[in-house]
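# sequence and predicted structure, then a few things I'm wondering about:
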Amino acid sequence: MRVLICIKRVPAPGARINLTADGQAVDTTNLGFTMSPHEECALEAGLALVETHGGSATALTVGRPEAEEQLRYAASLGVTSVVLVPTDGNDWDPQRTARAITGAVEHLEAGADGSFDLIIFGNESADSGGFQVGVRVARALDRPVVTGAKGLTVDEDVASIRREIDGVQEVYELPLPAVVGVKEGINLPRYPTMKGRLTSRKATVDAINATGEAGGQAMVTLLSPPEVASHLVVLGDGVTAAPAVVDVLDELGLL
Amino acid sequence: MTVLALIEHDRGRLVPAALESLTFGRQLADRIGTELEAVTIGSTADGLAAHLGEFGAATVHQAHHELLADFSADGWADSVVTLIGTGNPHAVVASGTDRGNEVLAHVAARLDAPFVANVLPTGLETGADRNSPWHLTRVRWGGSLHERAVLHADVKLMTAALHRVDAERADTPGPATPAPFLPVLEERAAITIVRDRVERTAGVTLATASVVVGGGRGVGSPEGFAPLEDLAQLLGGVVGCSRAVTNNGWRNHTDQVGQTGTRISADVYFACGISGAIQHWVGASGAKCIIAINTDPGANIVTKADYAVIGDLHEVVPAIADEIRRRRD
Ligand SMILES: Cc1cc2nc3c(=O)[nH]c(=O)nc-3n(C[C@H](O)[C@H](O)[C@H](O)COP(=O)(O)OP(=O)(O)OC[C@H]3O[C@@H](n4cnc5c(N)ncnc54)[C@H](O)[C@@H]3O)c2cc1C
């Protein structure tokens, strides 16, 4: 089967998110980059399906040329081809991103390898969190889609998808070709092997120009949420602090 | 012209966030001087109408169709699109839950219209007439960052960020006049239905537990969680963890607190051997009281917590459990 996994390069902030002076972006000085855990799981899900059923996995990202780093990471895990849809680095709205991905998919599917049986997205991106790109792409390609997947298997031409919402577990069965949005927890993503790392350095990154028309939503500026004032009380060092901790629990009525 | 609130329910059981987004919708309707309407999908939800009236709904549209016995993102979206076609609402608001965001994404995809996920109740500027752009504030990074956004759309589609609006009854209840309708469902709605469903008899869950004892990388191993389990059990709570823990395979992802895990709402959260990265913090900050146990006095979680113990969790956690037992004896 032929699987496409869509990922997004995002900064990996630690204790706080700092903004650039103009408020247009996260200040990434001294930050590494990563992708959402949902997308790491999407890659794992795609690779696992290809291992079971044969075929190939492709990873695609819409982003700056630097996003090659995340594509190479995908290659190091075993993805066979990687595709970059380059942007100018400005914030793209969800409609535009979806249009660009749709355009790129159509381009890829017109090639010799034909269409993708499954396109896997992370449920929502780590940074902008719009909760919609996968659904829009599915619509544009006229394919069924389910998001929030915590289980995914394929049997013949049907994808079984399990998800859990508020204590209710639901199972869906989608005829392929289909689109799915997965959540962290669906699997435990693998780490790259040394061999994988080496081959990924040589992987060719295919670039597809698909700009996509801007949609009706635009970011004006980013803002740091108001900081919560700290009321820290240090109860002590080591085991000697235990009685003070239990005093707190007592005050809260938990004893 | 109205504001239409999509009411999330599961087989007629109202999801608490639905009343938050209905309140959000009412505030919006008041601001633009229009009526608040609600829509419930599937006849299992017909009984909710009167309750929605208490929150100000003037009309409660009720989608009836044999394919709508269970939740279906396609069926729900088709129902909302049907209503947009007949009622031409100014805005459609749903809850910023998995299902709420999913359904509005489907609605937006059908209309090829923008959809703004997880909007905050503050900072809304709605403009003078229907065609004016709206300015709004939404959350990014699971709540760690805010974004001012501008929205140009005929029908403004949005979800209300979770737990940012308190569900409040209206000063004057709405008549909640039931308005049943037959939605126009696409063929796909028969395909993407729920094939099987299991309801978990939820005991104490991570999201609702009053005490959560969280462990991070500092716990060191799966076995290292035994004293945390013990403390949680003593206090009638559950164990949570950081992503470092789930990534190492020490615990199941269902225990993960944070942006890509669960948001807790505990009275007390013990953060043991957790550094307090923002992606963890957004899941933990819903706790009313945070007690950090960490060897590093400079750890982010320590500076943000209400209380801290500086020390080795492997010693401190059992000592707390012992002290609780001693006092209870
Ligand atoms: C998009 C995205 C989403 C994410 N989502 C989540 C999420 O949902 N949840 C989540 O948790 N993380 C999430 N992360 C990961 C997050 O950034 C951190 O990497 C992670 O939370 C770190 O886990 P930790 O605090 O256990 O480990 P560390 O950061 O390694 O911290 C370990 C802490 O333990 C202390 N310690 C060590 N030994 C002891 C001891 N014996 N006694 C006491 N203290 C000790 C150390 O001082 C340190 O503070 C996400 C990351 C990204 C990029």
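Structure received.
# please, which helix or strand holds B:T303?
Using DSSP states H and E, B:T303 falls within helix B:300-304.
# now do that helix: distance to the chain's middle.
Helix B:300-304 has its C-alpha centroid displaced from the chain centroid by 25 Å (CA atoms, centre = their mean, to the nearest Å).
# buried sites along stretch B:14-21?
Buried residues in stretch B:14-21, defined by neighbour count with 16 or more other CB atoms under 10 Å in any protein chain shown: B:14-15, B:17-21. C-beta: built from backbone N, CA, C; applies to glycine.
# next to the ligand, which bits of the stretch 51-200 of chain B? Give me the list.
Taking CB under 6 Å from any ligand atom, no part of the stretch 51-200 of chain B reaches the ligand.
# need the helices for the stretch 51-200 of chain B, in chain order.
Along the stretch 51-200 of chain B, the segments classed as helices by DSSP state H, counting those that start in this stretch run B:73-87, B:98-111.
# so chain B: which segments form each domain?
Chain B is divided into the following domains under automatic domain parsing: B:2-190, B:211-328.
# now these as TSV including distance to chain A and mean pLDDT?
As requested, these are arranged in TSV below (distance: least, CB to the nearest CB, whole Å; pLDDT from 0 to 100):
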stretch	distance to chain A	mean pLDDT
domain B:2-190	4	96
domain B:211-328	3	97
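# which one of those domains lies closest to A:G46?
domain B:211-328 (18.0 Å; CB to CB).
# show the end-to-end separation of that closest one, please.
Taking CA to CA, to the nearest Å, domain B:211-328 runs 18 Å from one end to the other.
# how far does it sit from the chain's center?
With CA atoms, centre = their mean, you get 22 Å for domain B:211-328.
# can you tell if that domain touches the ligand?
Yes: judged by CB under 6 Å from any ligand atom, domain B:211-328 and the ligand are in contact via B:216-218, B:242-244, B:256-261, B:273-275, B:277, B:279-280, B:283, B:293-296, B:299, B:312-314.
# which of those fall within strands?
Members of the residues of domain B:211-328 next to the ligand lying in strands (criterion: DSSP state E): B:293-294.
# ranking the helices of the stretch 51-200 of chain B by burial, who's on top?
helix B:98-111 (a mean of 26; mean count of other CB atoms under 10 Å in any protein chain shown).
# which helices and strands does it pack with?
With contacts defined as 3 or more CB pairs under 8 Å, 6 or more residues apart in numbering or on different chains; DSSP states H and E, helix B:98-111 has these neighbours: helix A:133-141, strand A:145-155, strand B:2-6, helix B:73-87, strand B:91-95, strand B:115-119, strand B:156-160.
# need the ones you listed in CSV with distance to B:R169, can you?
Shown next, in CSV, are the helices and strands packed on helix B:98-111 (distance: least, CB to CB, whole Å):
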stretch, distance to B:R169
helix A:133-141, 33
strand A:145-155, 31
strand B:2-6, 14
helix B:73-87, 24
strand B:91-95, 17
strand B:115-119, 22
strand B:156-160, 17
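# so which of those is nearest B:V198?
Closest to B:V198 of these, according to CB to CB: strand A:145-155, at 12.0 Å.
# now do the closest one: distance to the chain's middle.
15 Å.
# buried set for the next helix-or-strand element following it?
Per DSSP H and E, the first helix or strand lying C-terminal to strand A:145-155 is strand A:158-165. Within strand A:158-165, the residues that qualify as buried are A:159-165, counting by 16+ other CB under 10 Å.
# farthest-apart pair in those, please.
Greatest spacing in the buried residues of strand A:158-165, by CB to CB: A:A159 and A:I165 (18.5 Å).
# just to be sure, A:D206 is in a strand?
Yes: assessed by DSSP: H, G, I helix; E, B strand; the rest coil, A:D206 belongs to a strand.
# got the CA coordinates for the helix holding B:T303 in CSV?
Provided in CSV are the C-alpha atoms of helix B:300-304 (Å, rounded to 0.1, in the frame of the first residue of the first chain):
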residue,chain,number,x,y,z
ASN,B,300,10.5,25.5,35.9
ILE,B,301,7.8,23.5,37.7
VAL,B,302,9.3,24.6,41.1
THR,B,303,9.1,28.3,40.3
LYS,B,304,5.5,28.0,39.0
